[in-house]
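Participant: build me a model from this:
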Amino acid sequence: MNFEELQAFVGRNPMLSLALVGLTIALIVTEVARLFRGYRALKPAELTRLINSENALVIDLSPAVDFEKGHIAGSRNVALAKFDPAGKLLANAKASPVVVVCRSGNASAGAAKTLKKAGFEQVYWLDGGVAAWQMAELPLIKGR
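Facilitator: Sure thing, here's the model as predicted:
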C-alpha cells in the first residue's frame, strides 16, 4: 500500500481512521505509563527467583481465613484493611525487594502503588495472585 492509497482510505473511512489513531495513542500512553510507574508485575517463576536469590519480603493481603487455607512459604499475612507502609513489618524494608500478593492480583496492584508512593525502592506484585501461583503448580503452605 502506497501513500496515495492510504490517503484515499482515510478519506473514505474517517471514523475508522480516527478510531485507529485513538487506540494507537491510548496503547502507547498506557505502555509508557506502565514503564515509568516504578513497580512491576511478576509471574510466579519470577517471584520464586526473587525469593530465592534476593530474599524478597512477601506480603499476603488475603483475609486470615484464606491465608490459612494456603499461602506462599515465608509470606506474611496483613489484612488489606490494616496494610500500612509505615508499619513495623515494613519499617526496615525500603531498600529490599517487597512483593505484594493477594488471591487474584487486583488488590496487590493497588498496594504496590501505595508502597512506591511511600518511598519503597523495589516493589513488585504477583500478577494473577495466589491463583496464578497455583496454576503454575507451585506449593502453598497451609495454616499460619
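Participant: need the pLDDT of the closest residue to Ala86 other than its chain neighbours.
Facilitator: In space, and not counting its chain neighbours, Ala86 is closest to Ala118: 6.9 Å by CB to CB, 6 or more residues apart in numbering. No exception for glycine: its C-beta is placed from N, CA and C like everyone else's. For Ala118, the pLDDT comes out at 88.
Participant: how close does Ala118 sit to Ala33?
Facilitator: Distance of Ala118 to Ala33, given as CB to CB, to the nearest Å: 20 Å.
Participant: cool, and Val98?
Facilitator: Distance from Val98 to Ala33, by CB to CB: 21 Å.
Participant: and those two? which has more neighbours close in?
Facilitator: A count of neighbours by other CB atoms under 10 Å puts Val98 above the other of Val98 and Ala33, at 25 against 9.
Participant: sec struct for the more buried one, please.
Facilitator: What DSSP: H, G, I helix; E, B strand; the rest coil gives for Val98 is strand.
Participant: dump the residue contacts of the residue nearest to it when sequence neighbours are not counted.
Facilitator: Distances taken as CB to CB, 6+ apart place Leu57 nearest to Val98, at 5.0 Å, with adjacent residues excluded. By CB atoms under 8 Å, 6 or more residues apart in numbering, the contact set of Leu57 is 76, 90, 93, 96-99.
Participant: which residues are in contact with Gly38?
Facilitator: Applying CB under 8 Å, 6+ apart to Gly38 gives the contacts 116, 123.
Participant: check the one 4 residues further on too.
Facilitator: Leu42 is in contact with 50, 99, 124-127, counting by CB under 8 Å, 6+ apart.
Participant: beta partners for it?
Facilitator: Note on Leu42: beta-bridge partners Leu126, judged by DSSP bridges.
Participant: ok so, going back, what's the closest of the contacts of Leu57 to Lys69?
Facilitator: Of all the contacts of Leu57, Lys69 sits closest to Arg76, with 16.2 Å by CB to CB.
Participant: got the CA coordinates for the lowest-mean-pLDDT helix or strand in the chain in PDB?
Facilitator: Every helix and strand of the chain was ranked by mean pLDDT, DSSP states H and E. The lowest is helix 14-36, at a mean of 84. The C-alpha trace of helix 14-36 is given here as PDB (Å, rounded to 0.1, in the frame of the first residue of the first chain):
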ATOM      1  CA  PRO A  14     -12.600   9.000   8.500                       C
ATOM      2  CA  MET A  15     -14.200   7.500  11.600                       C
ATOM      3  CA  LEU A  16     -12.400   4.200  11.300                       C
ATOM      4  CA  SER A  17      -9.100   6.100  10.800                       C
ATOM      5  CA  LEU A  18      -9.700   8.200  13.900                       C
ATOM      6  CA  ALA A  19     -10.500   5.200  15.900                       C
ATOM      7  CA  LEU A  20      -7.300   3.500  14.800                       C
ATOM      8  CA  VAL A  21      -5.200   6.600  15.700                       C
ATOM      9  CA  GLY A  22      -7.000   7.000  19.000                       C
ATOM     10  CA  LEU A  23      -6.400   3.300  20.000                       C
ATOM     11  CA  THR A  24      -2.800   3.500  19.000                       C
ATOM     12  CA  ILE A  25      -2.200   6.600  21.100                       C
ATOM     13  CA  ALA A  26      -4.000   5.000  24.100                       C
ATOM     14  CA  LEU A  27      -1.900   1.900  23.800                       C
ATOM     15  CA  ILE A  28       1.300   3.900  23.600                       C
ATOM     16  CA  VAL A  29       0.300   6.100  26.600                       C
ATOM     17  CA  THR A  30      -0.600   3.000  28.700                       C
ATOM     18  CA  GLU A  31       2.600   1.300  28.000                       C
ATOM     19  CA  VAL A  32       4.800   4.300  28.700                       C
ATOM     20  CA  ALA A  33       2.900   4.900  32.000                       C
ATOM     21  CA  ARG A  34       3.400   1.200  32.900                       C
ATOM     22  CA  LEU A  35       7.200   1.500  32.300                       C
ATOM     23  CA  PHE A  36       7.500   4.600  34.500                       C
END
